[in-house]
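Peer 1: okay, predicted coordinates and the sequence, questions at the end:
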Amino acid sequence: GQQLNQSPQSMFIQEGEDVSMNCTSSSIFNTWLWYKQDPGEGPVLLIALYKAGELTSNGRLTAQFGITRKDSFLNISASIPSDVGIYFCAGQLPAGANSKLTFGKGITLSVRP
Amino acid sequence: AAGVIQSPRHLIKEKRETATLKCYPIPRHDTVYWYQQGPGQDPQFLISFYEKMQSDKGSIPDRFSAQQFSDYHSELNMSSLELGDSALYFCASSQTSGSFHEQFFGPGTRLTVL
């Protein structure tokens, strides 16, 4: 089946630093989404990307949809302690607007004050 | 803004018992999805409904069933519970019409099977 690859599994940064996370796939996805999840809570949507090459910002977050539709990255600038959490990329196949999401394994981000 | 509502938030059951999880989507959203997330894992798609009809099916055990009702809320019924069913269960909803159809997740139900 389709798989999204996220690595490394964990990242440790200093407060105020910028961080970039990548997500790659061997399959083409129609839509890429980035979610943040706190322990025991539901994933919260950060950014959704719909067009190849699209670059979208949401506050300190910036994400891009790769030209090949097989990758995406998420940048967090000027990190703060509340950025701690698990960041998942998710892809939606071209099957339709209500098709399921396939998730990467997630990256756990730690921010040192 | 209104979010996806799930109940109960926590549920403890014994092996071989049954459980029912409920999901109330965001108003005007027509599609509901169910995902299962084991400890330290990513969410895995179980099943989805569009306009009260099953639209897709993932790795959902035969012991589980789900439906979407006329008011668009959905229920996930789980029977003959096993220890391995212990997980977080998330419901997500989306609006299929229009240009944007992001899936928004609820807070989840933590199911513990003893």
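Peer 2: Done, it's in.

Peer 1: how about residue A:24, what does it touch?
Peer 2: A:4, A:5, A:70, A:71 (CB atoms under 8 Å, 6 or more residues apart in numbering or on different chains). Every C-beta, even on glycine, is put in place using the N, C-alpha and C of the backbone.

Peer 1: these: which ones sit near chain B?
Peer 2: Among those, no residue lies close to chain B (CB under 8 Å from any CB of the partner chain).

Peer 1: pick the one among these closest to residue B:24.
Peer 2: Residue B:24 has its nearest neighbour among the contacts of residue A:24 in residue A:4, at 28.9 Å by CB to CB.

Peer 1: report the central residue of chain B.
Peer 2: residue B:34 (3.2 Å; CA atoms, centre = their mean).

Peer 1: that one against residue B:93, yeah?
Peer 2: No - counting by CB atoms under 8 Å, residue B:34 stays clear of residue B:93, with 10.6 Å between them.

Peer 1: find residues that contact each of the two.
Peer 2: residue B:23.

Peer 1: what about the residue nearest to the centre of chain B, distance to chain A?
Peer 2: Distance, residue B:34 to chain A, using CB to the nearest CB, to the nearest Å: 10 Å.

Peer 1: ok, what's across the strand from that residue?
Peer 2: Here residue B:34 sits in beta bridges with residue B:47, residue B:91, as judged by DSSP bridges.

Peer 1: tell me how far it lies from residue B:13.
Peer 2: 17 Å (CB to CB, to the nearest Å).

Peer 1: enumerate the residues of chain A near chain B.
Peer 2: A:31, A:33, A:35, A:40-45, A:48, A:50, A:88, A:96-106.

Peer 1: report the buried members of these.
Peer 2: A:31, A:33, A:35, A:42-43, A:45, A:48, A:50, A:88, A:97-106 (16 or more other CB atoms under 10 Å in any protein chain shown).

Peer 1: how about the nearest residue to residue B:50, chain neighbours excluded?
Peer 2: Setting aside the residues directly before and after it, residue B:50 is nearest to residue B:31 in space (CB to CB, 6 or more residues apart in numbering or on different chains), at 4.7 Å.

Peer 1: hmm, I was thinking of residue A:103
Peer 2: Take residue A:103 and drop its neighbours on the chain: the residue closest to it by CB to CB, 6+ apart is residue B:42, 3.9 Å away.

Peer 1: tally of neighbours for that neighbour?
Peer 2: 22 (other CB atoms under 10 Å in any protein chain shown).

Peer 1: that one: what's it in contact with?
Peer 2: A:88, A:103, A:104, A:105, A:106.

Peer 1: if I look at the third one, what pLDDT would I see?
Peer 2: To tie it back to what came earlier, the one meant is residue A:104. With respect to pLDDT, residue A:104 scores 96.

Peer 1: that older thread, which ones among the buried ones among the residues of chain A next to chain B are found in strands?
Peer 2: Among those, the members falling in strands (DSSP state E) are A:31, A:33, A:35, A:45, A:48, A:88, A:101, A:102, A:103.

Peer 1: now those residues as CSV including distance to residue B:101?
Peer 2: Shown next, in CSV, are those (distance: CB to CB, whole Å):
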residue, distance to residue B:101
A:31, 8
A:33, 10
A:35, 15
A:45, 12
A:48, 9
A:88, 18
A:101, 11
A:102, 16
A:103, 17
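
Peer 1: tell me what the nearest residue to residue A:54 once chain neighbours are set aside is bridged to.
Peer 2: Spatial nearest neighbour of residue A:54, chain neighbours left out: residue A:65 (4.5 Å); criterion: CB to CB, 6+ apart. On the basis of DSSP bridges, residue A:65 takes part in beta bridges with residue A:72.
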